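Asker: The amino acid sequence is not available; the structure is as follows:
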């Protein structure tokens, strides 16, 4: 499933352009810009499944680095600093990965 089946392609492009510079990524602003924040919990879960590249039921730190590519294949990688900040913001149980409930809560906060 492509992220464009859940979100507007123009919104995705604008958000990716806004965070094109290294160390500029802000997950809260990004989720709002792509329109994910206003989607239903079911649609947020679908977006999570796109980002869970290995279908493990979690977004691990290594997958998180490439999370923007779930929105567009030519998007940049997150820096190590951005990856750690994103993980720390979402990983409420401290297991080092983001589950679907943690992701949904992060998007909706």
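Answerer: Happy to help now that I have it. Computed from a predicted model, the values in this text were never measured in an experiment.
Asker: alpha carbons only for contacts and neighbour counts from here, please
Answerer: Noted.
Asker: residue nearest the centroid of the chain?
Answerer: residue 67 (5.4 Å; C-alpha atoms, centre = their mean).
Asker: Now for it: which residues touch it?
Answerer: 51, 77-78 (C-alpha atoms under 8 Å, 6 or more residues apart in numbering).
Asker: Dump the residues you listed into TSV; add neighbour count as well.
Answerer: Below are these laid out as TSV (neighbours: other C-alpha atoms under 10 Å):
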residue	neighbour count
51	22
77	17
78	23
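Asker: What is the nearest of the residues you listed to residue 39?
Answerer: residue 51 (16.1 Å; C-alpha to C-alpha).
Asker: Now for the protein, the helix or strand with the poorest mean pLDDT.
Answerer: Taking mean pLDDT, DSSP states H and E as the measure, the helices and strands of the chain show their lowest mean at helix 61-64, namely a mean of 94.
Asker: Any idea how far it is from the middle of the chain?
Answerer: 10 Å (C-alpha atoms, centre = their mean, to the nearest Å).
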